[in-house]
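**Student:** show me the folded form of this:
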Amino acid sequence: MRALGTALVACAAPRARADGLTLGAPAPVAVLHTLDGRTLSTADMRGEVVILTFWATWCDPCREELPLLSRYAAAHAAQGLRVLGFCLDTPDRLPQVRAVAATLSFPVGLLPSPWFGAYGRIWRIPVSFVIDRAGRLADNGWDDAHPAWNAARLQRVVGPLLVNG
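**Tutor:** So this is what the prediction gives:
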């Protein structure tokens, strides 16, 4: 099955809560089907630090953090940082999604459902999850009352993972 412009996950059945997410435990595998037709899996990204970020074009806090996250991703790509962008917009908004995605340094795909396997139902955005180089969950966005990225949070959460590579 090829679903251009959609994001799918290779995880357990949908759950409203992500009770199984434990820091330091293996992160559930996530698969992104990008807007340009590529398939990217976190299973293939061992040895890299991966941020899974969930956003939408209609979400003002998301739109505010995306340029910052894009600059950070580009600046730290050589250190092994990868960002995968999962957009919650509906397919009828694909032109708007493509316009935003064209400004980003990381790949984007549409999430076909708010259910994202073991990560739970994506009910609050922006939200992100960080996977360390060994494939373990290093940051659970559900645990942060203010999960939007800012420079200080990126340095605190992601910075040490890049240095310790």
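**Student:** in the top helix by length along the chain, what's buried?
**Tutor:** Longest helix in the chain, counting residues (DSSP state H): helix 60-76. By 16 or more other Cβ atoms under 10 Å, the buried positions in helix 60-76 come out as Cys62, Glu65, Leu66, Leu69, Ser70, Tyr72, Ala73, His76. Just so you know, the C-beta spots here come from the backbone N, C-alpha and C atoms, and that holds for glycine as well.
**Student:** just for the chain, where's the confidence low?
**Tutor:** Confidence mapping of the chain against pLDDT under 70 gives the ranges 1-19, 164-165.
**Student:** going along the chain, name the helices of it.
**Tutor:** Going by DSSP H, the chain shows helices at 60-76, 94-101, 151-157, 159-163.
**Student:** got the angle between the longest helix of the chain and helix 94-101?
**Tutor:** Going by axes from the mean of the first three to the mean of the last three Cα atoms, to 10 degrees, helix 60-76 is angled at 40 degrees with respect to helix 94-101.
**Student:** quick one: which of the helices of the chain is nearest Val31?
**Tutor:** helix 94-101 (17.5 Å; Cβ to Cβ).
**Student:** what does the closest one rub up against?
**Tutor:** The contact list for helix 94-101 (Cβ atoms under 8 Å, 6 or more residues apart in numbering) reads Gly5, Leu35, Thr57, Arg63, Leu66, Gly85, Cys87, Asp89, Pro107, Val108, Leu110.
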